[in-house]
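Asker: Just a sequence and a predicted model for now, questions to come.
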Number of protein chains: 2
Amino acid sequence: MNPVEFGRISSPFPAASFATRRGPVDVIKVSAGSRTSSVAGAIAGVVREHKRAEVQAIGAGAVNQAIKATAIARGYLQEDGIDVICIPEFTSVDIEGKERTAIRLVVEPR
Amino acid sequence: MNPVEFGRISSPFPAASFATRRGPVDVIKVSAGSRTSSVAGAIAGVVREHKRAEVQAIGAGAVNQAIKATAIARGYLQEDGIDVICIPEFTSVDIEGKERTAIRLVVEPR
C-alpha cells in the first residue's frame, strides 16, 4: 500500500490520486507503514479543500499512525487558523471479500 | 496496569480511583490490555461530571484501545444528548525516569 492511499468509500478500487481527486470527499487510507507526516499533509490538504477529511485505518498499527497524523495535521491547520477536531467511529469495510472492522476518523473544523 | 487507571497529569503516582476522584479532571490512562467498554464507561462518566475527559495512551496497542473506547463512549453519550468530539495531541510523560511520548485524546462536547 502506498504511504497515503485515497479511495472512494463505495469503491474497492482506490483510483483517485491526491492531485486529481474531485467531488465527494475521498477516504485517506492509512496503514501501519504509512508515514505520519505524509498522511498529515494529506489530511490538511483535504480539509483545506473540502472542509472535511475522512481517515480510515484497520488494525492497531494503522490506527496509531492515523491518530498521530491527525495530531500533526492539527498543527499544520492551526497555522492557517483552522481548528480541527476529530470524530472516531467504527465502520465495516470489504477487504478481498472479507468484512473487516475499521476505524474511521472524521476530521473537520470545530 | 488496571484496565482503567486514573492519575493526575502532574503526578507520577496515579492514586485516584474512579469513585474518589475530585477537582481537576483526571487523566484516564489506557494500556494495550485495557477493555474498551470499561474505558468507554470511564470516559462517559468523566465527561458527564466534568464536561471533559483526557485519555492518555503510549504505544500502538494502547492508542488503538483508546480510540475504540472513545468511539464507544460517543455512543453512550449520544444517548444522553451529548455530542462529543476528540482532539488528539502529543504529550511527554515520565515513565520511571524516562521521557516517553504519549498520545492524549481530549474528549469534550462539540
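Answerer: That came through fine.
Asker: Around chain B, pick out the residues from chain A.
Answerer: A:32, A:59-61, A:63-64, A:67-68, A:70-71, A:74, A:85-90, A:103, A:105, A:110 (Cβ under 8 Å from any Cβ of the partner chain). All C-beta atoms are positioned from the backbone trio N, CA, C, and that covers glycine.
Asker: Among these, the buried ones, what's the PyMOL command?
Answerer: Entered in PyMOL, the line below selects the buried ones among the residues of chain A next to chain B, by 16 or more other Cβ atoms under 10 Å in any protein chain shown:
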select buried, chain A and resi 32+59+60+61+63+64+67+68+70+71+74+85+86+87+88+89+103+105
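Asker: Mind checking which of the residues of chain A next to chain B land in strands?
Answerer: Cross-referencing those against strands under DSSP state E gives A:85-90, A:103, A:105.
Asker: among those, which two are most distant?
Answerer: A:Ile85 and A:Phe90 (18.1 Å; Cβ to Cβ).
Asker: Dead centre of chain A: give me the residue that sits there.
Answerer: Most central in chain A under Cα atoms, centre = their mean is A:Val55, positioned 2.3 Å from the mean C-alpha point.
Asker: Can you name the residues bridging to that residue?
Answerer: Applying DSSP bridges to A:Val55 yields these beta-bridge partners: A:Ile28, A:Leu105.
Asker: who's in contact with it?
Answerer: Shown in contact with A:Val55 (Cβ atoms under 8 Å, 6 or more residues apart in numbering or on different chains): A:27-28, A:30, A:39, A:43, A:66, A:69-70, A:104-107.
Asker: can you tell me how far the most far-flung residue of chain A relative to its centre sits from chain B?
Answerer: The centre of chain A is farthest from one residue, A:Gly97, which by Cα atoms, centre = their mean lies 22.0 Å away. Using Cβ to the nearest Cβ, to the nearest Å, A:Gly97 is found at 24 Å from chain B.
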